[in-house]
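**Student:** what follows is a predicted structure for the sequence shown.
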Amino acid sequence: MNQEKTLLAKLKTYLIFAGPTTFAFLTVIILPFLYGIYLTFTDWNGISATHAFVGFSNYLQAFNDKVFWTSFLLTLKYVFLTVILINVIAFLLAYILTSGVKGQNFFRAGFFTPNLIGGILLGFIWQFIFSNILVYLGKSYNIPIFSGSWLSDPDKAFWALVIVTVWQYTGYMMVIYISGFMNIPRDLLEAASIDGANSYQRLKNVILPLMVPSFTISVFLTLQRGFMVYDINLALTNGGPYKSTELISLHIYNTAFLHQQYSTGQAKAIFLFFVVAAVTLLQVYFSKKLEVEN
């Protein structure tokens with residue numbers, strides 16, 4: 001009897017404090033996700049009032065779509081480059097801005113500011129920079145690399161997308177690394193110095209092992225944002241020129257809403273979800289394993 005009262009009391013407490021959040025999570029995340037999986041087995045085009053069950057044909061159509069695989073491979077390249085560049089630059093900035101350099105708080109705020117700008121607005125700002133400012137400078141000072149707009153060149157447009165992404169997210173990851181640096185015990189660094197360790201040895205043997213939790217969080221966030229990027233891709237290049245910068249999220253949107261193949265687009269989205277989930281779970285697993293070993 002007492003056990004039943006205890007369970008009822010716990011349930012009542014849970015419903016009071018966590019009930020609204022749980023309800024919102026179920027109705028906004030779980031149910032739409034399950035309904036989306038159901039739609040992948042139908043022929044719904046996103047508009048019609050009725051739809052028929054078609055089995056796995058949408059998945060077969062998605063896997064046989066060469067444009068989809070081209071977009072997916074391009075996204076893998078984009079994620080690989082942005083994850084490495086963002087985390088390396090953010091780590092170096094955090095290392096410098098926790099070393100006591102003059103005006104470090106000002107520089108921290110300055111590097112973090114791009115993250116406060118929305119992706120759509122950021123894309124339009126950099127579109128103006130690449131198409132006007134850099135072209136003007138290139139022609140005025142005879143700089144061949146900027147003589148034409150990067151956004152009109154299929155090879156350079158991809159790198160423009162990478163540059164803007166790195167510029168936006170580096171400051172955010174820098175803050176995470178700064179937090180990790182500030183949590184490193186000073187006495188460990190002092191002890192290493194007393195033992196004769198130079199700056200490189202302290203970085204390799206003391207700082208990096210203690211920064212693994214920060215690496216775990218930052219790599220996880222950059223992986224997730226890299227795979228799911230849409231706003232910058234839309235505003236900066238809109239997938240052009242000639243679909244040379246159409247990343248997977250933009251491709252799925254175009255399939256579902258522009259071409260009115262909603263069920264096929266949803267099947268591609270479900271595939272992307274499982275890829276991102278698998279990659280992030282593996283990344284977190286190996287990162288946590290590395291934390292335990294250190």
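**Tutor:** In hand now; what should we look at?

**Student:** name the element residue 245 belongs to?
**Tutor:** For residue 245, there is no helix or strand it lies in under DSSP states H and E.

**Student:** wait, it sits on residue 234?
**Tutor:** No. With contact defined as Cβ atoms under 8 Å, residue 245 does not reach residue 234; the gap is 10.4 Å. C-beta here means a position set from N, CA and C on the backbone, and glycine is covered the same way.

**Student:** looking at those two, which is more packed in?
**Tutor:** Set residue 245 next to residue 234 and count neighbours by other Cβ atoms under 10 Å: residue 245 wins out with 25 against 18.

**Student:** need phi/psi at that one.
**Tutor:** Backbone geometry at residue 245, expressed as degrees, to the nearest 10, gives phi -130, psi 20.

**Student:** for residue 254, give me its contacts.
**Tutor:** Neighbouring residues of residue 254 by Cβ atoms under 8 Å, 6 or more residues apart in numbering: 239, 246.

**Student:** on the pLDDT front, check the residue positioned nearest the centre of the chain for me.
**Tutor:** Taking Cα atoms, centre = their mean, the centroid of the chain lies closest to residue 225, which sits 1.2 Å from it. pLDDT, the model's per-residue confidence, is 90 for residue 225.

**Student:** show me the contacts for it.
**Tutor:** Shown in contact with residue 225 (Cβ under 8 Å, 6+ apart): residue 169.

**Student:** secondary structure element holding it?
**Tutor:** helix 212-228.

**Student:** distance from that helix to the middle of the chain?
**Tutor:** Centre-to-centre, helix 212-228 and its host chain are 7 Å apart (Cα atoms, centre = their mean, to the nearest Å).

**Student:** got it, and stretch 35-47?
**Tutor:** When C-alpha coordinates are averaged (Cα atoms, centre = their mean), stretch 35-47 and its chain have centres 27 Å apart.

**Student:** quick one: contacts of that stretch?
**Tutor:** Here stretch 35-47 has contacts from 51-59, 256-257, 260-263, 266-267, 269-270, using Cβ under 8 Å, 6+ apart.
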